[in-house]
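Chemist: show me how the following folds:
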Amino acid sequence: MQHKHPADDSSLTDPALAGLRSQLATQENVLCTLTVDLDSQLRFATGLLALTDRRLLARGPGGEWAAWPTVDAAGKGLPGLSLRHFDHAGVGTLELHQGGVRLAGWRFTLGANVQALRLVRLFAQQQAAQGLAEAPPADEAALCPECDLPLPPDSEECPACARELHTPPSTWVLLRLWRFAHPYRHQLLAGFLLTLASTAATLVPPYLTIPLMDDVLIPFQNGQQIEPWKVGALLGGLLGAALLGWALNWARTYLLALVSERIGADLRTATFDHLLELSLDYFGGKRTGDLMSRIGSETDRICVFLSLHALDFATDVLMIVMTAVILFSINPWLAVVTLLPLPFIGWMIHVVRDKLRTGFEKIDRVWSDVTNVLADTIPGIRVVKAFAQEKREAQRFREVNQHNLAVNDKLNKTWSLFTPTVSLLTEVGLLVVWAFGIWLVSRQQITVGVLTAFIAYIGRFYGRLDSMSRIVSVTQKAAAGAKRIFDILDHVSNVPETANPVKTGVLEGRIDMKNLGFRYGNRSVIRGLDLQIRPGEMIGLVGHSGSGKSTLVNLICRFYDVSDGTIQVDGTDIRRFGVADYRRHIGLVLQEPFLFFGTIAENIAYGKPGATRAEIVAAARAAHAHEFILRLPQGYDSLVGERGQGLSGGERQRISIARALLIDPRILILDEATSSVDTETEKEIQRALDNLVQGRTTIAIAHRLSTLRKADRLVVMDRGQVVEVGPHDELMAKQGAYWRLYEAQARQVDNEEGGLEAEERRIALATSQIAHAAQHVGNT
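Modeler: Numbering: from 1, shown residues only. The predicted structure follows:
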């Protein structure tokens, strides 16, 4: 009887699986199936792979079936048989080998990669049962035992499972803020002493009500003579305590507000500094709005908590403890009755706290979605308007804003019930104290003055309990914010600084890449790459999109660290250099130039803030930017809009080139540096670059191959590997990969020019016909 893997049950109605049934022999069991969606020419076409306990079955795009035995007649694995898996640039490949001979191969998009890895694993287990399986390839990813997703390299933690097992923030995370509060410990100690003194001062007036009631008011009501000095002393004591409490409260509030603002500023600075030290892959998985929200609103929330609510919490705790001591000293039984609501309030706080903590963290994430929409739409407003998508973006904002409203409403249901319940319990407690106090007065166990003082103290006691219950909300908000801040601070860069960096000194610019390999997660981008670049040599990197050109440049700049092999500059592994020290020797011009808000001169001098005006002008002249800069209203002091929106694409690119040239780098990298300029401007920049590349190691990536003809050598890349190296003429004579790229681009240019000529002929013919018709109308 046929058996199917549980993961395939949902696909049993697929026609390909239905055809699989007709191919199975009696008692043959299906272990795993894989739907492949690409043919050998990388065109979309549907096929099927099926691993059984006897063989590997394959259905081609045309419906034809093929089979390869995986065990012999005795049920033993076949010697040398292996199923190999690798991927590159979004395309996965499975190859069946035996004895070093490739028997068959299949390709698929990486959406099927998880199932493909499962198939390879089951195949290896089947062969390993007989001890005949080949060792799996080194780049085959391990799978998570929980979800079968590939694990990241050198990691035992599955990112998907880590997200699922995300734990809510703990209130204890607030204690980690002591790292930022420690420099201000003396001010904090002074603030605590002021809090202690101000709390004690506020507890004096209720105590003075005892002699005021028993020795003044009640005797006076009974007709006894009252000494004026006693009344004046008691009233003076009340006034003095009030003034002293006011002064102490003002001092401690001002002092602790100053400290909390500085702690918040230090927290923002430390978070931003650490953020700048993280590698590019961290930013690739984060939204700009989310990071801005963490550094901005979360630190503000923590600052408010420290300056106001933490202070109130400390005051409340001191008030409750000191009031309880006074109450027990006056009358222990009445004090016990006063404390009856405490266990119920404590239980409620414990129950509600967890709901508030998780709820506020969810609110923070949803609010980040709101800021993400703003961060996407406002910088891209030109694209929004160009495609008339204002209503769409407004609807997108309305949806996330509505989601934010729904999440807040859900949390407010819990909070709105909690606060009145605490108030009700305190009112009931006050009623019980009144009843028990009246009973004690009737039994002459306490005086009216004592009961009056008790009621006054209880008002403060229950008021502080109610205040503490409200602080639960802001505490959980601060805890959620602190967790999101420490998520950044705890993240370790994938491009770490070496403990004992080697000084770069004066670099020659010799670059050696040996057996280089790099993966984006589980996608192999570069593998087994060897390349040597001589000092002062100009190298042109060419190849199809996705061949690994930009990735190789990122590795040379050490935006990422290599997965395998080494990159050496002047014989030293670049990982032994300090990151900032090494990058000072690299000038980088990106395909999409980025300018900061500021003046033209500030943007050119970004890599060398102390540059003189003469140096800035010289760099601008070299990049052929000086002329258009002088035409601006304020010349080099003209303000550039956000991301350089006040300039054309070619002008932005020339300023970007000037910025790179000003630092006089030993290694110059041009990543499609002339793609954003017109032909005439490109010629000007090329003439400038011909002089500027002298004496520098230059690596240039260009879409138009004609711009690289002056390169000393061209490096042709395909699927993360170097397939050809040599000068232009030599590679053209070989008629290999470079020749095919060059010819394909030349044909495309010819077709475009031919299309323009044909269009011009059509316009001329139409113009002639219109003129002839107009003449005919005039004659008639």
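Chemist: only C-alpha atoms for contact and neighbour calcs from this point on.
Modeler: OK.
Chemist: ok, Ser656 to Tyr606 distance?
Modeler: Distance of Ser656 to Tyr606, computed by C-alpha to C-alpha, to the nearest Å: 10 Å.
Chemist: make that Ile438, sorry
Modeler: In this view, Ile438 and Tyr606 are 79 Å apart by C-alpha to C-alpha.
Chemist: list the buried residues of stretch 721-729.
Modeler: For stretch 721-729, a neighbour-count test (16 or more other C-alpha atoms under 10 Å) marks 721-722, 724-728 as buried.
Chemist: centre of the chain to that stretch, how far?
Modeler: Here stretch 721-729 is found 38 Å from its chain centre; the criterion is C-alpha atoms, centre = their mean, to the nearest Å.
Chemist: contact partners of it?
Modeler: Residues outside stretch 721-729 that contact it (C-alpha atoms under 8 Å, 6 or more residues apart in numbering) are 526-531, 547-548, 709, 711-717, 731, 737-738.
Chemist: that older thread, who has more neighbours, Ser656 and Tyr606?
Modeler: Higher neighbour count among Ser656 and Tyr606: Ser656, with 26 against 18, using other C-alpha atoms under 10 Å.
Chemist: can I get the helix or strand where the more buried one lies in CSV? Just the C-alpha atoms.
Modeler: Assigned by DSSP states H and E, Ser656 falls within helix 649-662. Below are the C-alpha coordinates for helix 649-662, written out as CSV (Å, rounded to 0.1, in the frame of the first residue of the first chain):
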residue,chain,number,x,y,z
GLY,A,649,20.6,63.3,-10.6
GLY,A,650,23.8,64.1,-12.4
GLU,A,651,24.6,67.0,-10.1
ARG,A,652,24.0,64.8,-7.1
GLN,A,653,26.3,62.2,-8.5
ARG,A,654,29.1,64.6,-9.2
ILE,A,655,29.0,66.0,-5.7
SER,A,656,29.1,62.4,-4.5
ILE,A,657,32.2,61.8,-6.6
ALA,A,658,33.8,65.0,-5.2
ARG,A,659,33.0,63.8,-1.7
ALA,A,660,34.9,60.5,-2.3
LEU,A,661,37.8,62.2,-4.0
LEU,A,662,38.3,64.8,-1.2
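Chemist: OK, contacts around Leu212?
Modeler: Shown in contact with Leu212 (C-alpha under 8 Å, 6+ apart): 231, 234, 449.
Chemist: for this structure, which residue is closest to the average position?
Modeler: Nearest to the mean C-alpha position of the chain, counting by C-alpha atoms, centre = their mean, stands Lys286 at 2.3 Å.
Chemist: check the secondary structure at that residue for me.
Modeler: coil (DSSP: H, G, I helix; E, B strand; the rest coil).
Chemist: helices and strands of this structure: which one has the lowest mean pLDDT?
Modeler: helix 159-164 (a mean of 41; mean pLDDT, DSSP states H and E).
Chemist: can you show me the helices along the stretch 151-300 of the chain?
Modeler: Assigned by DSSP state H, counting those that start in this stretch, the helices in the stretch 151-300 of the chain fall at 159-164, 178-181, 185-202, 204-211, 218-221, 228-277, 280-284, 288-293, 299-304.
Chemist: name the nearest residue to Gly359, sequence neighbours excluded.
Modeler: Closest residue to Gly359 apart from its sequence neighbours, by C-alpha to C-alpha, 6 or more residues apart in numbering: Leu411 at 6.1 Å.
Chemist: so what pLDDT did that neighbour get?
Modeler: Listed pLDDT for Leu411 reads 76.
Chemist: what's the answer for the one 10 residues further on, then?
Modeler: Here, the pLDDT recorded for Thr421 equals 76.
Chemist: now swap in Val71 and tell me
Modeler: According to the prediction, Val71 has pLDDT 83.
Chemist: so what's the residue count around it?
Modeler: Neighbours of Val71 using other C-alpha under 10 Å come to 19.
Chemist: what mean pLDDT does the helix or strand hosting Leu311 get?
Modeler: Using DSSP H and E, Leu311 sits within helix 310-330. In this model, helix 310-330 has an average pLDDT of 78.
Chemist: skip ahead from it and say which helix or strand is next.
Modeler: Using DSSP H and E, the helix or strand that follows helix 310-330 in sequence is helix 332-338.
Chemist: got the buried residues for that next one?
Modeler: Across helix 332-338, burial judged by 16+ other C-alpha under 10 Å covers 334-335, 338.
Chemist: sorry, back to before: deepest of the helices of the stretch 151-300 of the chain, which one?
Modeler: helix 299-304 (a mean of 22; mean count of other C-alpha atoms under 10 Å).
Chemist: what helices and strands are in contact with that helix?
Modeler: When contacts are defined as 3 or more C-alpha pairs under 8 Å, 6 or more residues apart in numbering; DSSP states H and E, helix 299-304 sits against helix 228-277, helix 448-489.
Chemist: thinking again about what came up before, reformat the contacts of Leu212 as JSON lines; add pLDDT.
Modeler: Output for these, formatted as JSON lines (pLDDT from 0 to 100):
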{"residue": "Val231", "pLDDT": "78"}
{"residue": "Leu234", "pLDDT": "79"}
{"residue": "Gly449", "pLDDT": "78"}
